[in-house]
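**Student:** fold the stuff below for me.
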Amino acid sequence: MSPNGSERGVAVKFRILSGLLAVIATAIVAIPAHAYEVAAVSGGGSIEGVVVYKGDVPTKKIIPTKNVEVCGKPRDEPLVRVGADGAVESAVVYLVDVAKGKAWPAPGKPPELNNHNCRFEPEVQVIPEGPLDVVNSDPVLHNTHGYYGKRTAFNMALPNEGQTIPTELKKPGTVRVDCDAHGWMEGWIYVVDNPYYAITGADGKFTITDVPPGTYKLVAVQPYTGATEMPVTVAGGQPSKLDIELKKQ
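**Tutor:** Presented below is the predicted three-dimensional model:
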């Protein structure tokens, strides 16, 4: 039996609606994620301060089970590197949801993650989205494995001393790194989507410069303690001073 006019009309409307939904879905997928915009900063301020940890400093036992001539002897290593007055070394401090502002640092040699003496150097680093060189400086096999959460970001075998393999980290987030050949190795890469970040030195101090006036969310993070968030207001031409205490979450 051939369809009547009413049925044909419904079928035509369904095809039109399906087509519109497909176009809408395609458009949604095609919309790029918000990208940071480089723009002149007028009357920028700064954020400066110190990151401290005042609790007992925990340690982890490292027992190399292979390649000990390169990897070293058993040892205890602190999970937080704490100096005078509780100053935290290698804590990362950054602003989130910054739409526009100062230019990124001038591009140069890609950042590196180096396998050296069965450690990652640097153990903690902050990089923009983009290239990363993974290097093996040891005369032993390393299998360097990075994760966004549980999802693999990169996974590569480096059997040769002096070997370098380029990769890319294409989205912001925290990348934990380990070595499938030496299970005690661990490193951290914080991939940021704007240039307003700093990493503390041995004195726990940090400075973030040329910040457009306004109120922001600031994050301070260290692998053992996790992240601490706080609001910060920046006034034009003035430093905003912060003392940040990290605590085990």
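**Student:** the helices in this protein, which residues?
**Tutor:** With DSSP state H as the definition, the chain shows helices at residue ranges 5-30, 68-71.
**Student:** among the ones you listed, show the one with the smallest mean pLDDT.
**Tutor:** Looking over these, mean pLDDT reaches its minimum on helix 5-30, with a mean of 41.
**Student:** verify the contact between P128 and W104 for me.
**Tutor:** Yes: under the criterion of C-beta atoms under 8 Å, P128 is in contact with W104, at a separation of 6.2 Å. Yep, even glycine has a C-beta here, placed from its N, CA and C like the rest.
**Student:** OK, contacts around the residue nearest in space to the middle of the chain?
**Tutor:** For the chain, Y190 is the residue whose C-alpha lies nearest the centre (C-alpha atoms, centre = their mean; 1.7 Å). Taking C-beta atoms under 8 Å, 6 or more residues apart in numbering as the definition of contact, the neighbours of Y190 are 92, 94, 124-127, 174-175, 197, 221.
**Student:** rerun at 6 Å
**Tutor:** Residues in contact with Y190 (C-beta atoms under 6 Å, 6 or more residues apart in numbering) are 92, 126, 174.
**Student:** CSV for the residues you listed, including pLDDT, neighbour count and distance to G146?
**Tutor:** Rendered in CSV, the data for the contacts of Y190 read as follows (pLDDT from 0 to 100; neighbours: other C-beta atoms under 10 Å; distance: C-beta to C-beta, whole Å):
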residue, pLDDT, neighbour count, distance to G146
V92, 98, 24, 16
V126, 97, 19, 15
T174, 97, 15, 10
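**Student:** now, among the residues you listed, which is nearest to N143?
**Tutor:** Within the contacts of Y190, proximity to N143 (C-beta to C-beta) peaks at T174, which comes in at 20.5 Å.
**Student:** can you pull up the bridge partners for the closest one?
**Tutor:** T174 forms beta bridges with Y190, as assigned by DSSP bridges.
**Student:** any idea how far it lies from E37?
**Tutor:** Distance, T174 to E37, using C-beta to C-beta, to the nearest Å: 24 Å.
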